[in-house]
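Colleague: Mind looking at a prediction? Sequence and model below.
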Amino acid sequence: MTLLQRFSLYSFIVMVALAAILGSIISYGLMAHLLEVYKNDTARFLQSEGEENIQPEALRAPITDDLRYTAVGKALHVVQETMPFYRLNIYNRQGIIIWSTDRALIGRREDHDKEGFDRAVAGATSVYLKKKTAEQGADAFEMFVPLRDSNGAVYGVIEMYESLAQIEEIIRAAQVRAWAVIVLTFLILYAIFYKIVADASRLIQRQHRELEEARHARYTEIIEALVSAIDAKDEYTRGHSTRVAAVAVHIGRAMGLSEEELETLHYGALLHDVGKIGIPDAVLGKPGRLTPEEMDTMRSHPAIGMRIFQRLKSMPEEVLQTIGAHHERPDGRGYPSGGWDGVHLFARIVSVADAYDAMRSDRPYRKALTREEALAEIRRCTGAQFDPEVVRALLSVIDEVEFEVYGGRALASHSSGNGMHW
Ligand SMILES: [Fe+2]
């Protein structure tokens with residue numbers, strides 16, 4: 001996951017969490033507020049309708065005869081229409097049920113050692129939230145409302161059970177709308193936020209890329225300058241470093257190296273002979289065989305090359321190893337160490353590429369070998385001088401190598417030459 005993806009995911013989680021918290025708070029607050037408003041309105045309405053329609057004298061005795069019972073029921077009809085109650089009792093001050101939706105209760109003293117009844121007798125309205133029961137199918141309000149005469153004296157109490165199914169539906173609808181607004185708001189916020197971060201991230205990436213490219217360009221320039229310095233030492237080997245690098249990259253690709261590894265290999269191959277800068281021209285450009293002393297001088301070029309770059313901290317270790325070990329051999333007859341086990345793959349690749357290009361190029365002491373001659377020599381020395389795996393890779397891409405590196409060049413035919421010290 002990229003940094004931007006991680007950031008987007010985490011910020012999305014935070015946004016969702018915030019939206020959920022805010023939504024819950026608003027949803028709960030909305031419900032509490034609507035219930036409170038509804039409760040107060042209901043109680044006030046019940047009280048005013050009750051006081052208007054049920055006179056003090058009506059509550060002197062239980063209302064049992066049909067006519068009066070129906071009359072009270074009709075008076076309460078307007079209440080029933082506004083807030084569909086499912087049980088309603090009217091008490092006198094003494095707690096006797098004077099009228100009830102349940103006629104069997106009339107004349108009885110209900111169990112009204114209830115706080116609500118006592119408070120109503122004292123003049124206060126109480127509303128209790130009753131949890132859903134089978135009877136009403138939804139949460140309900142049980143309210144005790146005092147009935148007061150024109151002097152303010154309490155002459156009766158109405159106890160009403162009202163189902164909250166209707167108001168709950170209204171609350172739910174309000175909550176759904178609130179949730180929709182919150183979710184939408186957060187989505188828009190997140191989209192804006194994401195765009196800002198994504199734009200900033202792209203800008204940073206572009207700047208980083210440009211910096212990288214600039215650094216890379218400087219690096220390449222320095223290496224090119226060094227390669228020109230190597231070439232300037234010996235006109236016969238002009239272009240050698242560049243061709244070795246091209247051949248090495250072909251081999252490296254055939255061996256499955258990554259693009260990053262190929263780039264390092266390319267640098268290593270370009271610079272493999274950088275130590276030749278420190279070899280006297282008399283030795284480097286000498287036609288014919290070198291004396292043993294001159295050979296020793298010549299063989300010091302990997303060490304000189306390493307010394308040149310050792311202090312350069314930005315130089316990849318693989319490049320140093322390539323410079324230092326490109327003349328090592330599997331049979332231990334290479335130099336400078338004569339070892340093979342620790343020799344880096346890039347050095348093994350450059351060793352083959354170096355030899356192949358040396359044979360395919362004119363030298364002061366011989367003409368260039370043909371492709372077949374050079375390959376025959378490479379094959380002959382495989383295992384002793386060259387890593388078999390690297391040779392196998394070269395053979396697998398030899399057509400490309402020839403076409404792209406040596407293509408179009410008029411190559412002179414065979415000349416036996418007098419020793420090779422590539
Ligand atoms: Fe070399």
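Modeller: Nice, thanks for sending it over.

Colleague: use CA for all of it now, contacts and neighbours both
Modeller: Noted.

Colleague: Mind listing residues that contact the helix or strand of the chain with the lowest mean pLDDT?
Modeller: Comparing every helix and strand of the chain by mean pLDDT, DSSP states H and E singles out helix 77-82 as the least confident one, with a mean of 81. By Cα atoms under 8 Å, 6 or more residues apart in numbering, the surrounding residues in contact with helix 77-82 are 45-46, 49.

Colleague: Neighbour-wise, which one of those leads?
Modeller: Leu46 (26 neighbours; other Cα atoms under 10 Å).

Colleague: Wait, that one touches Val145, no?
Modeller: Yes. Leu46 lies in contact with Val145 (Cα atoms under 8 Å); the separation is 7.4 Å.

Colleague: re the thing from before, filter the contacts of helix 77-82 down to the ones in strands?
Modeller: Using DSSP state E, no member of these sits in strands.

Colleague: rewinding a little: following the least confident helix or strand of the chain, which helix or strand comes up?
Modeller: strand 85-92 (DSSP states H and E).

Colleague: Partner strands of that next one, with direction?
Modeller: strand 97-100 (antiparallel), strand 154-163 (antiparallel) (DSSP bridges).

Colleague: closest to Glu260 out of those strands?
Modeller: Proximity to Glu260 (Cα to Cα) singles out strand 154-163 among the strands paired with strand 85-92, at 74.4 Å.

Colleague: would you put the C-alpha positions of that closest one in PDB?
Modeller: C-alpha atoms of strand 154-163 as PDB (Å, rounded to 0.1, in the frame of the first residue of the first chain):
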ATOM      1  CA  VAL A 154     -57.600  20.000  41.800                       C
ATOM      2  CA  TYR A 155     -61.000  18.200  41.500                       C
ATOM      3  CA  GLY A 156     -59.800  15.100  39.600                       C
ATOM      4  CA  VAL A 157     -57.000  13.300  37.800                       C
ATOM      5  CA  ILE A 158     -56.800  11.900  34.300                       C
ATOM      6  CA  GLU A 159     -54.600   8.900  33.800                       C
ATOM      7  CA  MET A 160     -53.900   8.200  30.100                       C
ATOM      8  CA  TYR A 161     -51.900   5.500  28.400                       C
ATOM      9  CA  GLU A 162     -50.900   6.600  24.900                       C
ATOM     10  CA  SER A 163     -49.000   4.500  22.400                       C
END
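
Colleague: For the helix or strand just after that strand, what is the distance to the chain centroid?
Modeller: Next helix or strand after strand 154-163 toward the C-terminus (DSSP H and E): helix 165-233. Using Cα atoms, centre = their mean, to the nearest Å, the mean C-alpha position of helix 165-233 is found 11 Å from that of the whole chain.

Colleague: likewise stretch 244-251?
Modeller: On Cα atoms, centre = their mean, the centre of stretch 244-251 falls 38 Å from the chain's centre.

Colleague: how about Ser8, secondary structure?
Modeller: Assigned with DSSP: H, G, I helix; E, B strand; the rest coil, Ser8 falls in the helix class.

Colleague: what about it, neighbour count?
Modeller: 17.

Colleague: What of Asp357?
Modeller: 24.

Colleague: Low-confidence bits of the stretch 301-422 of the chain, can you list those?
Modeller: For the stretch 301-422 of the chain, the stretches flagged by pLDDT under 70 are 408-422.
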